[in-house]
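Peer 1: got a sequence here, can you build the structure:
(2 chains)
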Amino acid sequence: MANMHDVSFKLNGKNTSVKVEARELLIYTLREKLAHTGPHIGCETSHCGACTVDLDGMSVKSCTVLTVQCDGSELLTVEGLEQGGVLHAIQQAFHEEHGLQCGYCTPGMLTRAYRLLKENPNPSEQEIRYGIAGNLCRCTGYQNIVKAVQSAAKKLAAAPATAA
Amino acid sequence: MIPAGFNYHAPRSVADAIKLLGDLGPDAKLLAGGHSLLPMMKLRFAEPSALIDLGKIPDLRGITQVGNEVHIGAMTTENDLLRSKLLSDKVPLLVEGAAWIADPQVRYKGTIGGDISHGDPGNDHPAIAIALDASFVLKGPKGERVVKADGYFLGLYSTQIEPGEILTQIRVPIPPAGSGWSYQKLKRKTGDFATAASAVLLQMKGKNVAKVSIALTNVHATPLKASAAESYLVGKALDDSTLNQAARLTMDICEPTHCQRGDADYKTAMCGEMTRRALVAAAQRTK
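Peer 2: Numbers count the residues shown, from 1 in each chain, chains lettered A, B, ... in the order given. Next up, the predicted model:
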């Protein structure tokens, strides 16, 4: 049996430590060891983006990252977007613009949109579509997802001081 | 799907990584961005006994100009390439190529060195590196050697790298001012490999071609340098007739395999079309 590794990282702002085999994928650590079931397992082959989380300022597919690679990292999952019982502007915008149907892809869409808007606070429609191209919505609700990201960008621009 | 068990190592220097690679032997694999290797490990196409993660070696990452070259650390990510002002100014072909690789999440993790080292004919950097006349720095227990991109790729998943060596840097000569460039890639959807793709770097003298480099992706077991098409074009104007002949000359060297992206004839035809489009786009960018 391969060696076990002690891995520590910040998960949604909280110091977190886990003991993992080297082969353990980040999505399993999050869902099964840390009860963060927001990130979903869709394809498990790094295509669909349902498992997207934010890792040290990057959107990554947590089905294709080893937990052992994340020692010392900062992680944000969809659970970390809401602050003090108030939805993040991106979540609020998805709610208002009907940016989800079945909701399966939504945690990945939200965390990807979070990083996209951090990097480009005022994206064009084309930039949004290019920027979320790694996230599949099988309900094919892309139109409202794009509208929601545009709406979130406006909300964040209007209230930058309160934006998480 | 979870990979089979392995031992994990995360060295902090290139010297430590080379030592580990020597000590652990041929069953150890280098881990770069992991977006080719980890999927292969999940499917048991690869079962290394150990992974040596190069992600914690700062010296392997970065983009700098050294004289008339740009030096790119092998662990520099696709996303780093996309955001590099130096590359946009000096080697925009590399930026255009990186923009069509995989998807945003994969580009945050995927590295130029991993893309090249893997030796997958579907990867885009090999042909782009050949078009740019880039060189690769290989470091091993016996020291360092520098190998040209053209000739580096020997076959499917096979390159000139020797056991115990690590690709540490990609050296790209800065094309002359006024050069045109284009990477034209046909793919069915985001995240797919190319059905066929063509990289072109072009210099014009008046209305005629002064110098041109053409390299092709995913139409053979290795990336191809389209030497016959290059020689044919020198001294000629880029009109319909010469573009057609250049496209035919690239098609002559294609030997793609049939897969779900299409049969060999279709892929060969698309390679010709991508080359034609890349030449036209590059010509429009020449100054």
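
Peer 1: just checking stretch B:24-41 against chain A, any contact.
Peer 2: Yes: Stretch B:24-41 reaches chain A (Cβ under 8 Å from any Cβ of the partner chain) through B:34-35, B:38-39, B:41. For every residue, glycine as well, the C-beta is placed using N, CA and C.

Peer 1: element containing the residue in the stretch 151-287 of chain B that chain A sits nearest to, please.
Peer 2: When scored by Cβ to the nearest Cβ, the stretch 151-287 of chain B has B:T190 as its residue closest to chain A, at 4.1 Å. Here B:T190, judged by DSSP states H and E, is contained in no helix and no strand.

Peer 1: which two in the residues of stretch B:24-41 next to chain A are spaced the farthest apart?
Peer 2: B:H35 and B:M41 (11.5 Å; Cβ to Cβ).

Peer 1: thinking B:R188 is in contact with B:R261, fair?
Peer 2: Yes: using Cβ atoms under 8 Å, B:R188 is in contact with B:R261, at 6.6 Å.

Peer 1: from chain A, which residue is nearest to chain B?
Peer 2: A:G134 (3.1 Å).

Peer 1: for that residue, give me its contacts.
Peer 2: Each residue near A:G134 by Cβ atoms under 8 Å, 6 or more residues apart in numbering or on different chains is listed here: A:49, A:52, A:59, A:61, A:112, B:102-106, B:190-191.

Peer 1: got it, and A:T52?
Peer 2: Counting by Cβ under 8 Å, 6+ apart, A:T52 has contacts A:39, A:59-62, A:107-109, A:111-112, A:134-135, B:105.

Peer 1: quick one: end-to-end length of stretch A:63-81, please.
Peer 2: Distance across stretch A:63-81, first residue to last, is 20 Å (Cα to Cα, to the nearest Å).

Peer 1: what is the end-to-end distance of stretch A:72-79?
Peer 2: Note: stretch A:72-79 ends 20 Å apart using Cα to Cα.

Peer 1: that one: which residues count as buried?
Peer 2: Residues of stretch A:72-79 classed as buried: A:73, A:75-79 (neighbour count, 16 or more other Cβ atoms under 10 Å in any protein chain shown).

Peer 1: quick check: closest non-adjacent residue to A:K19.
Peer 2: Nearest residue to A:K19, sequence neighbours excluded (Cβ to Cβ, 6 or more residues apart in numbering or on different chains): A:M4, at 5.3 Å.

Peer 1: run a quick neighbour tally on the one you found.
Peer 2: Counted with other Cβ atoms under 10 Å in any protein chain shown, the neighbours of A:M4 add up to 12.

Peer 1: correct me, but it touches A:E24?
Peer 2: No: taking contacts as Cβ under 8 Å, A:M4 lies outside contact range of A:E24: 9.6 Å.

Peer 1: point to the residue nearest the middle of chain B.
Peer 2: B:H125 (1.3 Å; Cα atoms, centre = their mean).

Peer 1: quick one: what helix or strand has the spatially closest residue to that one that is not a sequence neighbour in it?
Peer 2: Distances taken as Cβ to Cβ, 6+ apart place B:D115 nearest to B:H125, at 4.2 Å, with adjacent residues excluded. Per DSSP H and E, B:D115 falls inside helix B:112-117.

Peer 1: picking up where we left off before, of the residues of stretch B:24-41 next to chain A, which belong to helices?
Peer 2: If you go by DSSP state H, these have B:38-39, B:41 in helices.

Peer 1: got the domain ranges for chain B?
Peer 2: For chain B, automatic domain parsing gives the domain ranges B:7-55, B:58-173, B:180-285.

Peer 1: again, but for chain A
Peer 2: If you go by automatic domain parsing, chain A breaks into A:4-80, A:89-158.

Peer 1: okay, and for the stretch 51-200 of chain B, where does confidence drop off?
Peer 2: By pLDDT under 70, the stretch 51-200 of chain B contains no weakly predicted segment.
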